[in-house]
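Visitor: with the input below, show me the fold.
(one chain, ligands or ions: 1)
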Amino acid sequence: MPASYAYLGPEGTFTEVALRTLPEAATRELIPYVSVQSALDAVRAGEAEAAFVPIENSVEGGITTTLDELVAGEPLTIYREVLLSITFALLVRPGTKLTDIKTVSAHPAAQPQVRNWLRTNLPDAVWESAASNADAARLVQEGRYDAAFAGEFAAARYGLEALETGIHDAENAQTRFVLVGRPARPAAPTGADKTSVVLWQRDDHPGALRDLLGEFASRGINLMLLQSRPTGAGIGNYCFCIDAEGHISDRRMAEALTGLKRICLQVRFLGSYPRADIGPGEARPTLPGTSDEAFMAAADWVARCQDGRF
Ligand SMILES: O=C(O)C(=O)Cc1ccccc1
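Guide: The predicted structure is shown next:
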């Protein structure tokens, strides 16, 4: 197994900064890829042990390229997540003034975080999407665009200077990144975990989504993300990407997934992994009657009833 992690590159992405916060990254070779797809394909092809990619943004929601890759194709599993607070710098070739800027570039997920700033400061600049924020910086260095929104730390790497720093339309904007690998046994529960799944409805009927969500609700499981993605099979056909609080080894989660497996056309398990927003053991108490002990005591009672010992 290659001791390397693929990540959304090139060098100087927020993704790279977030990846370097993981202790295990220090013992791996970190290899930049030009896109989320190519980083994930490197894992599928066995060229990399895991890939590190952005998946969700507190301003815009899911990063759809990543979600769609996890929904389709050869199954992959989320091992870890990282949260990073994001503010942008406007990077330009040395000497460029604000009035010189006709084109600006960044990853599409950056746009909703800098839209108001652009409207006020560069209302006529043309937006050009790039494969990542660091790639936008690289394209500015090459002279393709006049300015890039990227991390201030990318300036030195691409010989650029920051004309403005701390750009962020929304306070406390965070991006969530995940370390994704081939299917493997989930890491042991930490007492603050998250489980990600993709659900496909069996049929279309009133309350179909409520039925799916009910499997979580009735077992006291809180949801942290619900994002529908088109299945590609026509208008109105969606699957649902869900993050739920808890670990698949929790009885309530195992039972919720059992229920979903029975009623859904298809369920894809994307992993159980430690939450990055709180520390180990810090998850809120669950609703009364949804602890492992409550599930075991209830199952024991049913067994005794079946046995005539009630
Ligand atoms: O990691 C990067 O630099 C990216 O291009 C992805 C991204 C896009 C927007 C906010 C954070 C990360």
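
Visitor: wait, what's in contact with the most centrally placed residue in the chain?
Guide: Centroid-nearest residue in the chain: Ile55, 2.3 Å away (criterion: C-alpha atoms, centre = their mean). Residues near Ile55 by C-beta atoms under 8 Å, 6 or more residues apart in numbering: Gly62, Ile63, Thr66, Leu67, Leu70, Glu81, Arg176, Phe177, Val178. Placement of C-beta: from N, CA and C, glycine included.

Visitor: what do you get for Ala50?
Guide: Counting by C-beta under 8 Å, 6+ apart, Ala50 has contacts Tyr5, Ala6, Val43, Tyr79, Leu179, Val180, Gly181.

Visitor: tell me the secondary structure for the residue nearest to the centre of the chain?
Guide: The three-state label given to Ile55 by DSSP: H, G, I helix; E, B strand; the rest coil is strand.

Visitor: if I look at the closest residue to Ser196 other than its chain neighbours, how far off is the ligand?
Guide: Excluding the flanking residues, the one nearest Ser196 by C-beta to C-beta, 6 or more residues apart in numbering is Leu270, at 3.8 Å. Separation of Leu270 from the ligand (C-beta to the nearest ligand atom, to the nearest Å): 20 Å.

Visitor: also Ser228?
Guide: 21 Å.

Visitor: who is that residue paired with across the strands?
Guide: Note on Ser228: beta-bridge partners Phe240, judged by DSSP bridges.

Visitor: contacts only, for it.
Guide: By C-beta under 8 Å, 6+ apart, the neighbours of Ser228 are Tyr238, Cys239, Phe240, Cys241.

Visitor: quick check: the last one touching Val198?
Guide: Which is Cys241. Yes. If you go by C-beta atoms under 8 Å, Cys241 and Val198 touch, sitting 5.4 Å apart.

Visitor: which neighbours do those two share?
Guide: By C-beta under 8 Å, 6+ apart, the residues touching both Cys241 and Val198 are Leu70, Val71.

Visitor: so between those two, which is more surrounded?
Guide: Cys241 (25 against 21; other C-beta atoms under 10 Å).

Visitor: with adjacent residues omitted, what lies nearest to the more buried one?
Guide: Gln227 (4.6 Å).

Visitor: what number of residues are in the vicinity of the one you found?
Guide: 19.

Visitor: do the one 10 residues further on as well
Guide: Other residues within reach of Asn237, judged by other C-beta under 10 Å, total 13.

Visitor: and the pLDDT at it?
Guide: As predicted, Asn237 sits at a pLDDT of 91.

Visitor: repeat for Pro285
Guide: So, for Pro285, pLDDT stands at 85.

Visitor: roughly how far apart are it and Gly220?
Guide: Applying C-beta to C-beta, to the nearest Å, the value for Pro285 to Gly220 is 10 Å.

Visitor: more crowded one of the two?
Guide: Between Pro285 and Gly220, Gly220 has the larger neighbour count (other C-beta under 10 Å), namely 18 against 8.

Visitor: contact partners for that one?
Guide: Arg252, Thr286, Leu287, Gly289, Thr290.
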